[in-house]
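*Asks:* Okay, structure incoming, though there's no sequence with it:
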């Protein structure tokens, strides 16, 4: 298992946002999480990404008990084992596409040469071999998202977490990005978890889990919908 979450609960004051989530995800599996706004999807994704801690429960990612790690250990683990793609690209505007993709590897302590080689490989893989020297403002929305995906893969993460990754793209570009995610799954055996409102993306996934009021529908068997 790449992800093993057991009885994950999270409250903000008296508001219980997650009510005992159980989730198991295998290597190279692609899972989508759907549900209405406020159902708890993003809160769960933040916990899976170690950006937030649950009030209770256990969480193993790639065999590591992440809830037992110190802040410093957790930061290092997150940087090396988890990749993030968001609806908005969060690229640094003063840097080129190549430099943006290099940043995670440089932060992880890799040499500039190694980071550059990895970034070139990934940008070529996502179809931007001719755009590496361009800054974000010179790229289309779809191209910026391709850079963000390449950046998320820079350190060969165990799991890629994507929160509405095509939410602000037109339908044609959206399909291209969907196809790219699954191409990367095939090439790198990449485990991917999507939070999405897009049924077209959900249909492509191995499984879709539906959240309602902080729980998966069919909580006794959360692996609810097979595509």
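*Replies:* That came through fine. Computed from a predicted structure; not experimentally measured.

*Asks:* Which parts of the protein are strands?
*Replies:* Along the chain, counting by DSSP state E, strands occupy 3-12, 15-25, 30-34, 56-61, 64-65, 82-86, 159-163, 191-195, 207-212, 215-216, 225-226.

*Asks:* want to throw those strands into a markdown table with distance to residue 132, mean pLDDT and mean neighbour count?
*Replies:* All C-beta atoms are positioned from the backbone trio N, CA, C, and that covers glycine. Below are the strands of the chain laid out as a markdown table (distance: least, Cβ to Cβ, whole Å; pLDDT from 0 to 100; neighbours: other Cβ atoms under 10 Å):
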| stretch | distance to residue 132 | mean pLDDT | mean neighbour count |
| --- | --- | --- | --- |
| strand 3-12 | 32 | 95 | 17 |
| strand 15-25 | 32 | 93 | 18 |
| strand 30-34 | 27 | 94 | 23 |
| strand 56-61 | 31 | 95 | 18 |
| strand 64-65 | 33 | 95 | 14 |
| strand 82-86 | 19 | 90 | 22 |
| strand 159-163 | 21 | 92 | 23 |
| strand 191-195 | 24 | 93 | 25 |
| strand 207-212 | 35 | 93 | 19 |
| strand 215-216 | 41 | 92 | 21 |
| strand 225-226 | 39 | 40 | 12 |
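
*Asks:* Export the ones you listed as TSV, with columns for distance to residue 148.
*Replies:* What follows is the strands of the chain, written out as TSV (distance: least, Cβ to Cβ, whole Å):
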stretch	distance to residue 148
strand 3-12	22
strand 15-25	22
strand 30-34	18
strand 56-61	21
strand 64-65	25
strand 82-86	5
strand 159-163	10
strand 191-195	14
strand 207-212	23
strand 215-216	28
strand 225-226	27
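
*Asks:* So for residue 181, which of those strands sits nearest?
*Replies:* Between residue 181 and these, the tightest spacing by Cβ to Cβ is seen for strand 191-195, at 6.1 Å.

*Asks:* Please look at residue 3 and residue 25 and confirm they touch.
*Replies:* Yes - here residue 3 lies in contact with residue 25, judged by Cβ atoms under 8 Å, at a distance of 4.1 Å.

*Asks:* between the two, what contacts are shared?
*Replies:* 159, 191, 193 (Cβ atoms under 8 Å, 6 or more residues apart in numbering).

*Asks:* Residue 165: which of those residues is nearest?
*Replies:* When the shared contacts of residue 3 and residue 25 are compared for distance to residue 165 (Cβ to Cβ), residue 193 wins out at 10.9 Å.
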